[in-house]
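> what follows is a predicted structure for the sequence shown.
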Amino acid sequence: MENYIQGKNADAAAHAFAYPLTDYHLRGQFKEGKPNGGREQIIGLLGIVGLFVLLIACVNFMNMATARSAGRAREVAVRKIVGAQRRWIIGQFLTEALLITFLALVLSVCWVALALPGFNRMAEKELSFGMGNWQIWPLFWLWG
């Protein structure tokens, strides 16, 4: 028993090693001098959970779109009977889609602006959401 201290051989030589400080936060656990786990595993798990949630959201969106299509088909049929032209109906659908997309963009920007201070406190970081930066606005145009 004297030769073993906490499960290690007391006569074994200890070796020092250097590890980059930039990787320590992500891969901070070691076993026998080699990185073994850490926050990298947690980030991978959260990524898998995020992809699963995204998959469920896509299936839900397709289900809702299919359910609404029957009502929209009836609406288009009534409008054609009344005498609406094809370009008016197409214009209405495009206008509705653009309006909903723009409202979703405004709502998401507001939510990010409201949630960012709490996220900064929780993550102990200083992230900022610079809406005054003119370079962000073209990205909104492209993504919207």
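Done, it's in. Numbering: from 1, shown residues only.
> for the chain, which segments count as strands?
Along the chain, counting by DSSP state E, strands occupy 4-5, 8-9, 30-31, 34-35.
> comparing the ones you listed by mean pLDDT, which bottoms out?
Lowest mean pLDDT within the strands of the chain: strand 4-5, at a mean of 47.
> regarding this protein, what is its longest helix?
Criterion DSSP state H: the longest helix present in the chain is helix 39-82.
> how much space between Glu126 and Leu116?
With distances taken as CB to CB, to the nearest Å, Glu126 is found 10 Å from Leu116. (Each C-beta comes from the backbone N, C-alpha and C, glycine too.)
> so for those two, which residue has more residues nearby?
Each of Glu126 and Leu116 has its neighbours counted (other CB atoms under 10 Å); Leu116 has more, 13 against 6.
> once you drop chain neighbours, what's closest to that one?
Excluding the flanking residues, the one nearest Leu116 by CB to CB, 6 or more residues apart in numbering is Phe129, at 5.5 Å.
> pretty sure the one you found contacts Val112?
Yes: here Phe129 lies in contact with Val112, judged by CB atoms under 8 Å, at a distance of 5.8 Å.
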